[in-house]
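Enquirer: next one to model:
(chains A and B)
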Amino acid sequence: MTVRELQQSCGFEAVCLPDPDREISGCYCGDLLSWVMGRAKSDQAWITIMTNINTVAVATLCDVSVVVLSENVAFEDDVRNTAEAKGVNVLRTPLPTYEAAKKLSELI
Amino acid sequence: MKELSLNILDIAKNSVKAGAKLCKIEIIEDEETLTLRISDDGCGMTEEFLKNVTDPFCTTRTTRAVGLGIPLLKLEAEQTGGSFKIESRHESKYPDSHGTVTQATFYKNHIDMTPLGDVISSVVTLIQGDPQMDFEFVHTLSGREIRLDTRELREVLGDEVPLDLPDVLVWIRGNLEEQYRDASL
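Expert: Numbering: from 1, shown residues only, chains lettered A, B, ... in the order given. Alright, predicted model coming up:
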């Protein structure tokens, strides 16, 4: 499943999708950035509530295919611009992390 | 990071990389706050680099385009309502007084406070990793002080005894453990 397909089938909000055709191979959930850094894998979707610039850096570092923001957390414009520039896909949903992960797991 | 002691390791490694001869690690605690200050006499940063140093996409690393040590420390401090600052003098402009001071203040009672963790292991690991470099460690706990200075160890041991000898490292660990035990009495 691609990031675009996930966005459409789950009705997640597209915060920015510079690379919508990336495949999603799995999922990782976590908010402690230094912890996620060593654990999220390439091509996974990463579900988190962390929305600062470091989130984009960790997404780049781990090469995740998309960051899914749960609980409708606010995402600042300048952070979104950086995500766009670095080619990091970002989606958003009002669902809590567990519910979002459950929805995702039904699809992949 | 999960523990501040890991941040200490991470930031002090920047001092090693900057070619510092001395790296001073201070933890200053009172009832409400914990301040972590790491100062070195390394090459320092240019003003240009310093401006961007809290941006994770700015890094001295050559293996990847992202550096998170300083950005994460800043985030952790700010998450508790605390503050972060970094000051640096680059050797090109300050040939006799270059170096960097990184300081983060945390509010200890905030629910998102990162626990301090195993500081002793961080200090021992740093000495073991770069035994030729000097480290001064001071932890002030409401007036009481725990300290270790490798320059003083060298004075006693003589220059021919490397600080990464297992016996020396075991002694350093034991000494710090004893100081912490005494301080908590």
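Enquirer: packing partners for the strand or helix carrying B:Phe106?
Expert: If you go by DSSP states H and E, B:Phe106 is part of strand B:99-107. Applying 3 or more CB pairs under 8 Å, 6 or more residues apart in numbering or on different chains; DSSP states H and E, one finds that strand B:99-107 contacts helix B:4-17, strand B:33-40, helix B:69-79, strand B:83-89. Yep, even glycine has a C-beta here, placed from its N, CA and C like the rest.
Enquirer: swap in 6 Å and give it another go.
Expert: strand B:33-40, helix B:69-79, strand B:83-89 (3 or more CB pairs under 6 Å, 6 or more residues apart in numbering or on different chains; DSSP states H and E).
Enquirer: need the nearest residue in space to whatever residue of chain B ends up closest to chain A, chain neighbours excluded.
Expert: Residue nearest to chain A within chain B (CB to the nearest CB): B:Pro56, separated by 3.4 Å. In this structure, B:Pro56 finds its nearest non-sequential neighbour in A:Ala57, 3.4 Å apart by CB to CB, 6 or more residues apart in numbering or on different chains.
Enquirer: and the angle for the one helix or strand the one you found maps to with helix B:69-79?
Expert: Assigned by DSSP H and E, A:Ala57 belongs to helix A:53-62. Angle between the axes of helix A:53-62 and helix B:69-79 is 140 degrees (criterion: axes from the mean of the first three to the mean of the last three CA atoms, to 10 degrees).
Enquirer: now helix A:53-62: average pLDDT?
Expert: Helix A:53-62 shows an average pLDDT of 95 in the prediction.
Enquirer: what sits up against it?
Expert: By CB atoms under 6 Å, 6 or more residues apart in numbering or on different chains, the list of residues contacting helix A:53-62 from outside reads A:33, A:36-37, A:40, A:67, A:79, A:82-83, A:86, A:88, B:56, B:66, B:68, B:71, B:75.
Enquirer: least confident pick among those?
Expert: The model is least sure about B:Val66 among the contacts of helix A:53-62, giving it 61.
Enquirer: which residues of chain A score low on pLDDT?
Expert: Nowhere does chain A drop to pLDDT under 70.
Enquirer: which residues of it lie near chain B?
Expert: Residues of chain A lying near chain B by CB under 6 Å from any CB of the partner chain: A:34, A:54, A:57, A:60-61.
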